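Asks: Coordinates for the following, if possible.
(chains A, B, C and D)
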There are 2 protein chains.
Amino acid sequence: MPVDLELAPKQKRPAGERCCEPVVYPDVQREQALRMAEVAKALGDPIRLQLVDVLRKHAGKVCVCELLPLFDIAQPTLSHHLKKLRYAGIVDSERKGLWAYYYVTPDALKELSTWLT
Amino acid sequence: MPVDLELAPKQKRPAGERCCEPVVYPDVQREQALRMAEVAKALGDPIRLQLVDVLRKHAGKVCVCELLPLFDIAQPTLSHHLKKLRYAGIVDSERKGLWAYYYVTPDALKELSTWLT
DNA sequence: GTATTACATCGACAGATGTGAGTGTTATTG
DNA sequence: CAATAACACTCACATCTGTCGATGTAATAC
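Replies: Below is the predicted model:
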């Protein structure tokens, strides 16, 4: 599933022959699309998007116990969402005693943000 | 599931009382989070993200028959992805005879892009 | 008219996803 | 030690998702 190549000028030939020939395209930019789609997918849930929003606005690191009352979800569900964000590389966490502090990874959203602009 | 409020300064009280009081938060910005998450979700698939990439780079409108050979998927699958992008408001289409031309909706990615920056 | 083309929709399927109750782990308090 | 708190993990379940074959629809070519 490649991309990033100039499209052939379309020719209108409804019958007799195919519209487009199955040309082979290089796989440039596919890796990037996979990475960016993974980040976008992680942001594709309202709660996770708001979690990232809170963590970004809060300069330092935020305790999970402070995030929980912000949302109308059970604690395991919050853990699940934070895990997804961690796996996507958007946030990271740090244990300190009983508490877990989460923060947005620097430059985690950079690639997607640049592409969107 | 509200957000966008300053978090209370955390107090370390491991035993005896809860870490955070269940304060009521206003529902500001929830609508925006829902909209942006919907867009992000639509971009959360490599093929759809590349589709948007192609359509954005191509100034005009692109025929479906030109998009199909770019990806290693069946035609109904491509239709499915384009439908998702349409429902998310990211692209729109225009019928012209046998062909369907797709194009990126202006400002469709604006809100998410601004938030990400 | 029939045949063909471009595209959407339907139906079915395996796999992923969001949710929460229950449980486990680790650390702190008493 | 026991009790409690914060958080992650397991399991189960309903729903959603990506995929494709088959079919439908509309338009063009013959």
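
Asks: Mind pulling up the pLDDT for the residue positioned nearest the centre of chain A?
Replies: Nearest to the mean C-alpha position of chain A, by Cα atoms, centre = their mean, lies residue A:39 at 1.4 Å. Looking at residue A:39, its pLDDT stands at 98.

Asks: One more: residue A:7?
Replies: 46.

Asks: And for residue A:11?
Replies: Value for residue A:11, per-residue pLDDT: 45.

Asks: Quick check: pLDDT value at residue A:56.
Replies: For residue A:56, the model assigns a pLDDT of 92.

Asks: Just checking, which helix or strand succeeds the strand or helix carrying it along the chain?
Replies: Secondary structure from DSSP states H and E places residue A:56 in helix A:46-57. Heading C-terminal from helix A:46-57, the first helix or strand you meet, by DSSP H and E, is strand A:62-63.

Asks: one step back: hmm, the helix holding residue A:56 in reach of chain B?
Replies: Yes - Helix A:46-57 comes into contact with chain B (Cβ under 8 Å from any Cβ of the partner chain), by way of A:46-50, A:53-54, A:57. For the C-beta atoms, the positions are set from N, CA and C on the backbone; glycine is no exception.

Asks: Could you pick out the one among those with the lowest pLDDT?
Replies: The minimum pLDDT among the residues of helix A:46-57 next to chain B falls on residue A:57, with 89.

Asks: Count the residues that sit near that residue.
Replies: When neighbours are defined as other Cβ atoms under 10 Å in any protein chain shown, residue A:57 has 14 of them.

Asks: Any idea how many residues pack against the residue nearest to residue A:45 when sequence neighbours are not counted?
Replies: Closest residue in space to residue A:45, ignoring its immediate chain neighbours: residue B:37 at 5.7 Å, by Cβ to Cβ, 6 or more residues apart in numbering or on different chains. The local packing of residue B:37 (other Cβ under 10 Å) involves 20 other residues.

Asks: what does residue A:32 give?
Replies: Residues near residue A:32, counting by other Cβ under 10 Å, number 18.

Asks: name the element it belongs to?
Replies: Assigned by DSSP H and E, residue A:32 falls within helix A:30-42.
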